[in-house]
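S.K.: Sequence first, predicted coordinates after that:
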Amino acid sequence: MINQDILKIAVFFCILTAGLIVYFCFFLTFRSSAVINNQYNKRSDNFKKIIQRGTIYSSDDTPLAYTQMTDTGEERIYPYGNAFAQVVGYEANGGLGLESSYNYYLLTSHTNMFEKISHEFKGEKNPGDSIHTTLDLPMQLYVNDILSGLKASAICIDPDTGRILVDVSKPDFDPNEIEEIWDEIIEDEDNSPLVNRVTQGQYTPGSTFKIFTLLEYIRENPDYFNYQYDCAGILKQDGYSMSCNDQTPHGQESLKEAFAYSCNLAFADIGLKLDLDRFIANNNDLLFNQDLPVDIAYNSATFALKKTDSDFMVMQTAFGQGQTMTSPLHLSLVMCAFANNGVLMTPHFVTHITSPSGATVKKWKDKEYKRLFSENETNIMNEYLRSVVTQGTAYVLSYEDYTAYGKTGTAETKSNKDENIDLSFFVGYAEKDGQKLVVCVNIEDTRLTGMSAVDYAHLIFNYYFY
């Protein structure tokens, strides 16, 4: 009897020890870098005393951030100033962007042992490792230039690899002056320059959400191609009024025409025909209300529709005006899957890390994250996304010799001054000679420019392919 009790206790402690070992391995693999990089972890302060922060490079190995010695000590230099403000970020005041996300790596040194000993004797710091990003320098500068003066953002991704080529957010700031202008920018609530609108912005999706409504309708209805709707331009429901653009009637239209023309009333009608349980579950699978696989600070997209919501809320949600919130990052990831036969590659900003001698010490491979759509769904949706260009609201892209796909969107939102303003969205991709590029642009206030988001996307596609 005593032996059995001892055996039970021994088994219990063996299981407990095994559990601790499993958790320790899990922590080292998945959580350690997040803990080490946490701004409240004082360990990094110790690293700063013995290591000179490494360099951040663009995809062509041009320095985007580096440390130099001055008469007063170390100085962090950002040679392109505002152009990479939010994505590269800054090292001071708690850090931002890649400077924050990869803080641990930049304060790690793989200098060889003899050099470390030499530096210690001389009282010098060891040079830190450097990170090599996916950011395309000329393209980032171009997009930064065309969005100058706006409240806007743009992201460009290679859908075949998941490499993020461009991340521009406006308004911005000069990270070289971050400590001098700190009080000014944290109090600037109208512009919020510290927010990376690409990854952290939360916006009403407008008609870009019709992508999700269309997909759900196709999934639930094998005869989706038989859908017809007679758009009168305006519709009243539950005491509220809904309309298409300028209350202009589209008349009799097929499902593809309703999508291409971005007919709000047709999609309001479709919303009432959906199985809401399936709609909610499928949208969660499409990265709403989920953690995103990115190595920089972000806010998750939210889909808040409930079965108990009114018909009016269902209809509003179906054409993109409900309580749904998304980001340019989220929309672009979904579009990446359409551009890559239904498969989303893991999005990333960094390809590898090198030691001070230039040797690669860590490398991130381009890898699959998950399949979002079947091949058949991808083919159907691409046909519809193409129709937006050939006959619909993105017709401006139809004149080029690259093949473009996408969806425009306009949403009515409130400004900080409680004024009604129009938010313009475009998300899509283009391909030419085996090259593909996903682009998502949002313009927060179309009153500031005579151009919509698709016009800026047009400029970006032209720059990339020509």
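M.R.: Ah, there it is.
S.K.: can we go C-alpha only for contacts and neighbour counts from here?
M.R.: Noted.
S.K.: Tell me where the stretch 101-250 of the chain has helices.
M.R.: Applying DSSP state H, counting those that start in this stretch to the stretch 101-250 of the chain gives helices spanning 103-106, 113-122, 137-146, 178-186, 210-220.
S.K.: Can you mark which positions in stretch 219-238 are buried?
M.R.: For stretch 219-238, the neighbour count (16 or more other C-alpha atoms under 10 Å) marks 219, 229, 231, 232, 233, 234 as buried.
S.K.: any idea how far the first one is from residue 385?
M.R.: When distance is defined by C-alpha to C-alpha, to the nearest Å, residue 219 is 16 Å away from residue 385.
S.K.: Could you do the last one as well?
M.R.: According to C-alpha to C-alpha, residue 234 stands 25 Å off from residue 385.
S.K.: quick one on the thing from earlier: which of the buried residues of stretch 219-238 sits closest to residue 362?
M.R.: Taking C-alpha to C-alpha as the measure, residue 219 is the one of these closest to residue 362, at 41.7 Å.
S.K.: how much space between the closest one and residue 358?
M.R.: 51 Å.
S.K.: Looking at the buried residues of stretch 219-238, which are in strands?
M.R.: In this view, the buried residues of stretch 219-238 that belong to strands under DSSP state E are 229, 231, 234.
S.K.: For the stretch 251-400 of the chain, just list every one of the strands.
M.R.: Listed in chain order, the strands of the stretch 251-400 of the chain (DSSP state E, counting those that start in this stretch) span 251-254, 343-345, 350-354, 360-363, 368-371.
S.K.: partners of the shortest one, with directions?
M.R.: Each strand pairing with strand 343-345, determined using DSSP bridges, is listed with its direction: strand 368-371 (antiparallel).
S.K.: Return the distance of the strand it pairs with from the chain's centre.
M.R.: 16 Å (C-alpha atoms, centre = their mean, to the nearest Å).
S.K.: Same check on stretch 206-221?
M.R.: 21 Å.
S.K.: what's near enough to touch residue 354?
M.R.: 129, 130, 131, 132, 360, 361, 362 (C-alpha atoms under 8 Å, 6 or more residues apart in numbering).
S.K.: So how do I select the buried members of those in ChimeraX?
M.R.: Listed next is the ChimeraX selection for buried residues among the contacts of residue 354, using 16+ other C-alpha under 10 Å:
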select :129,130,131,132
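S.K.: Could you find which two of the contacts of residue 354 are furthest from each other?
M.R.: Maximum distance among those (C-alpha to C-alpha): 11.5 Å, for 132 and 361.
S.K.: rewinding a little: turn the strands of the stretch 251-400 of the chain into CSV, columns for mean pLDDT and distance to residue 20.
M.R.: Compiled in CSV, the strands of the stretch 251-400 of the chain are given as follows (pLDDT from 0 to 100; distance: least, C-alpha to C-alpha, whole Å):
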stretch, mean pLDDT, distance to residue 20
strand 251-254, 97, 59
strand 343-345, 98, 32
strand 350-354, 98, 31
strand 360-363, 97, 27
strand 368-371, 98, 28
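S.K.: which of the ones you listed sits most buried?
M.R.: Most buried of the strands of the stretch 251-400 of the chain by mean neighbour count (mean count of other C-alpha atoms under 10 Å) is strand 343-345; its value is a mean of 24.
S.K.: hmm, who's touching that strand?
M.R.: Taking C-alpha under 8 Å, 6+ apart as the rule, strand 343-345 contacts 159-162, 333-334, 336-337, 366-373.
S.K.: residues contacting residue 456?
M.R.: So residue 456 contacts 146, 441 (C-alpha under 8 Å, 6+ apart).
S.K.: Which strand or helix spans it?
M.R.: Residue 456 is part of helix 453-465 when elements are defined by DSSP states H and E.
S.K.: quick one: that helix to helix 137-146, angle?
M.R.: 150 degrees (axes from the mean of the first three to the mean of the last three C-alpha atoms, to 10 degrees).
S.K.: In contact with residue 440, which residues are there?
M.R.: Residue 440 neighbours (C-alpha under 8 Å, 6+ apart): 154, 155, 156, 328, 329, 331, 332, 425, 426, 427, 428, 457.
S.K.: And residue 327, by the same measure?
M.R.: Residue 327 neighbours (C-alpha under 8 Å, 6+ apart): 197, 198, 199, 200, 201, 202, 203, 299, 300, 301.
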